[in-house]
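**Student:** Pasting the sequence and the predicted model now:
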Amino acid sequence: MSGSEVSIKKMSELLKSGATMLSEACPICSTPLFKLRSGEVICPVHGKVQIVKSDEELLSITTISVLDEL
């Protein structure tokens with residue numbers, strides 16, 4: 001299976017499990033994001049993602065992710 005077929009399969013599984021497709025897209029791969037019943041927002045390709053609404057939030061999340069990688 002190609003990468004796009006795998007992501008489509010994951011998206012269909014999310015919808016079948018009750019997840020909601022959002023109008024926002026993953027900032028990394030531009031795949032539609034999904035909101036799980038638990039309220040968590042995920043990308044079918046990358047897993048959990050952070051939605052930022054300001055430059056300050058983006059800076060904070062970027063800093064934390066860089067520190068986690070170190």
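**Tutor:** That came through fine. Because the structure is a prediction, the values reported are computed rather than measured. Numbering: from 1, shown residues only.

**Student:** Can you report phi and psi for the most centrally placed residue in the chain?
**Tutor:** Closest residue to the average C-alpha location of the chain: Cys43 at 2.6 Å, with CA atoms, centre = their mean. Phi and psi for Cys43, reported as degrees, to the nearest 10, are phi -100, psi 130.

**Student:** Following element in sequence after the longest strand along the chain, please.
**Tutor:** If you go by DSSP state E, the chain has its longest strand at strand 20-25. Going down the chain from strand 20-25, the next helix or strand is strand 32-35, by DSSP states H and E.

**Student:** And that following strand, what's buried?
**Tutor:** For strand 32-35, a neighbour-count test (16 or more other CB atoms under 10 Å) marks 33-35 as buried. The C-beta positions use only the backbone N, C-alpha and C, and glycine is treated the same way.

**Student:** that older thread, ok, for the residue nearest to the centre of the chain, nearest residue in space, not its chain neighbours?
**Tutor:** Cys26 (4.0 Å; CB to CB, 6 or more residues apart in numbering).

**Student:** how near is that neighbour to Gly39?
**Tutor:** 18 Å (CB to CB, to the nearest Å).

**Student:** Neighbour count: the two, which is higher?
**Tutor:** Cys26 (17 against 6; other CB atoms under 10 Å).

**Student:** For that one, give its distance to Gly47.
**Tutor:** 10 Å.

**Student:** Going by residue numbers, what spans are helices in the chain?
**Tutor:** 3-16, 55-69 (DSSP state H).

**Student:** What lies in contact with the shortest one?
**Tutor:** This points to helix 3-16. 1, 21, 31-32, 34, 36, 42, 44-45 (CB atoms under 8 Å, 6 or more residues apart in numbering).

**Student:** Would you mind writing the CA trace of it as PDB?
**Tutor:** In PDB, the C-alpha atoms belonging to helix 3-16 read as follows (Å, rounded to 0.1, in the frame of the first residue of the first chain):
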ATOM      1  CA  GLY A   3       1.500   6.200   1.900                       C
ATOM      2  CA  SER A   4      -1.700   7.900   0.800                       C
ATOM      3  CA  GLU A   5      -3.700   4.600   0.900                       C
ATOM      4  CA  VAL A   6      -2.500   4.100   4.500                       C
ATOM      5  CA  SER A   7      -3.500   7.500   5.600                       C
ATOM      6  CA  ILE A   8      -6.900   7.200   3.900                       C
ATOM      7  CA  LYS A   9      -7.400   3.800   5.700                       C
ATOM      8  CA  LYS A  10      -6.400   5.400   9.000                       C
ATOM      9  CA  MET A  11      -8.900   8.300   8.400                       C
ATOM     10  CA  SER A  12     -11.700   5.900   7.600                       C
ATOM     11  CA  GLU A  13     -11.000   3.900  10.800                       C
ATOM     12  CA  LEU A  14     -11.100   7.200  12.800                       C
ATOM     13  CA  LEU A  15     -14.400   8.100  11.400                       C
ATOM     14  CA  LYS A  16     -15.800   4.600  12.000                       C
END
